[in-house]
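Student: got a structure for you, letters missing:
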């Protein structure tokens, strides 16, 4: 998701103070009614009536029984009507609780069986008040008054507009997305267009096939008066197709603006993270009626063809205005968020921390290591320190918005601890290879990084992810004696850090939560003493 700034942190803090409800558990918990089946394939087939702001159609669930069952749960927001559920030609009984739907089968489906059912539904989906942060449908118009329609639903859930098993732990293996829209408009979805079918009522059906696993909130559509052009990037896994879709009125400025960043971004990210994860489905950049979203193989773009974040530099250094933030950030999610997906939204830092750090790596790729370091240090000004980065599990709740800026700085700090950029790069690439098209937990990511770094990072992860504050290095400098210790929430916190022990030089020391005292150069003063700024820590004079 795009960077959310202060408003997200405030909203999340209010959300955290609310008690979790039964509806939250039904949405966030993996109960036996969800784990009993593994989704293999969806065919979402819907018609979008823009004038009525309505949707109608069906979704077919093809699955493998993970255990023997006669009842399961799928999800669809309560304001949308389930018309019927069809299984082997007959209607199945169902009942609803909040946004969950429970279907009963005529007899038990045994473990290992491959089967399917189809849900028919209709209604007026939730309209987003402030997309993409406040999710739902977006009914907008372009400057000429033509319809400009899309959807963004990360966090809120894909079940806001289509029936599915709405939990990030189970990505469908492949999918057909059939969107029927007015035939005088273009419609773009994820994957590759297989066919279009003219309808007698003035509509056209667009059939897009997604060959790779996809998480539910990435499934999307864009409807408008578009221009389309193509390009090819010679990537690590061969030719990668690039499709650009901009509103007709913006296509001229879009071409030059997008060309400036897309291929350099792909080159940088393939170098740091490994091959683009979705060669089969290609890369698309699509103008959207909202700021942006990482819709897999159809990245949403709404940054008004400006450099930075709507013309602003989130790092306050100048480096953030060298490129279009939304192109870089949302495309970075193709590796972290889409290729590697957190099982529970509480672990969304896996998406946002690494993707926010991708901005640093892109800056470094183009302008050098010092520029990248300046960028990541600059975004620290956006820390909120309101609550932990990891949210509560099993209730579909995110943690702090600090998952972006602080998450990126935690990764940068770990990079300093590894102190070997080739090893660090191999870890980033290894993550994308090891967890290729998989869903993960924080523990899996932590363990992989620590194992391949050869460093015990458990206390580092605990402090930055599970507590709201970063660690503070307290120090006392008296004559040629320096005393220092960590003040942290994690018991016996002992992360190494680099200090100026000789004028102009940094040396690695190993503070603990107990005071340590060492001799230093008499040239070191309170004005010259400092911590290597690549380490994201607070520093406090304790005298």
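Tutor: Right, received. Where do you want to start? What you see is a predicted model, and the numbers here were worked out from it, not measured in a lab.
Student: remind me, longest helix of this protein?
Tutor: helix 251-273 (DSSP state H).
Student: residues of that helix that come out buried?
Tutor: Neighbour-count burial for helix 251-273 flags 251, 254, 257-258, 261-270, 272-273 (criterion: 16 or more other Cβ atoms under 10 Å). Glycine gets a C-beta too; all of them are placed from N, C-alpha and C.
Student: hmm, which two among those are most spread apart?
Tutor: Pairwise distances across these (Cβ to Cβ) peak at 30.8 Å, for the pair 251 and 272.
Student: pLDDT weak spots in the protein?
Tutor: Residue ranges of the chain with pLDDT under 70: 2-18.
Student: how about the helices of it, start to end?
Tutor: Ranges of helices in the chain, per DSSP H, are 5-17, 22-28, 32-35, 251-273, 325-332, 349-367, 369-378, 402-418, 421-434, 442-453, 458-466.
Student: JSON lines for these, including distance to residue 128?
Tutor: JSON lines is the format used below for the helices of the chain (distance: least, Cβ to Cβ, whole Å):
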{"stretch": "helix 5-17", "distance to residue 128": "14"}
{"stretch": "helix 22-28", "distance to residue 128": "18"}
{"stretch": "helix 32-35", "distance to residue 128": "26"}
{"stretch": "helix 251-273", "distance to residue 128": "23"}
{"stretch": "helix 325-332", "distance to residue 128": "17"}
{"stretch": "helix 349-367", "distance to residue 128": "20"}
{"stretch": "helix 369-378", "distance to residue 128": "30"}
{"stretch": "helix 402-418", "distance to residue 128": "21"}
{"stretch": "helix 421-434", "distance to residue 128": "31"}
{"stretch": "helix 442-453", "distance to residue 128": "29"}
{"stretch": "helix 458-466", "distance to residue 128": "29"}
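Student: for residue 150, which of those is the nearest?
Tutor: Closest among these, using Cβ to Cβ: helix 325-332, at 13.7 Å.
Student: now for the closest one, which elements pack on it?
Tutor: helix 251-273, strand 283-287, strand 292-293, strand 299-301, helix 349-367 (3 or more Cβ pairs under 8 Å, 6 or more residues apart in numbering; DSSP states H and E).
Student: of all these, which one is nearest residue 325?
Tutor: For residue 325, the closest of the helices and strands packed on helix 325-332 is helix 349-367, at 7.2 Å, according to Cβ to Cβ.
Student: what comes up buried for that closest one?
Tutor: By neighbour count on 16+ other Cβ under 10 Å, the buried set for helix 349-367 is 349-366.
Student: and for stretch 69-84?
Tutor: Across stretch 69-84, burial judged by 16+ other Cβ under 10 Å covers 69, 71, 72, 73, 74, 75, 76, 77, 80, 82.
Student: the second one: what's it in contact with?
Tutor: Residue 71 sits next to 33, 102, 103, 104, 105 when contact means Cβ atoms under 8 Å, 6 or more residues apart in numbering.
Student: how about a cut-off of 10 Å?
Tutor: 32, 33, 36, 92, 93, 94, 102, 103, 104, 105, 108, 109 (Cβ atoms under 10 Å, 6 or more residues apart in numbering).
Student: of those, which is the most crowded?
Tutor: Among those, residue 109 has the most neighbours (other Cβ atoms under 10 Å), with 22 neighbours.
Student: quick one, what contacts that residue?
Tutor: Neighbour list for residue 109: 36-37, 63-65, 67-72, 87, 115 [criterion: Cβ under 10 Å, 6+ apart].
Student: does it have beta-bridge partners, and which?
Tutor: Taking DSSP bridges as the rule, residue 109 bridges to residue 69.
Student: noted, bye for now.
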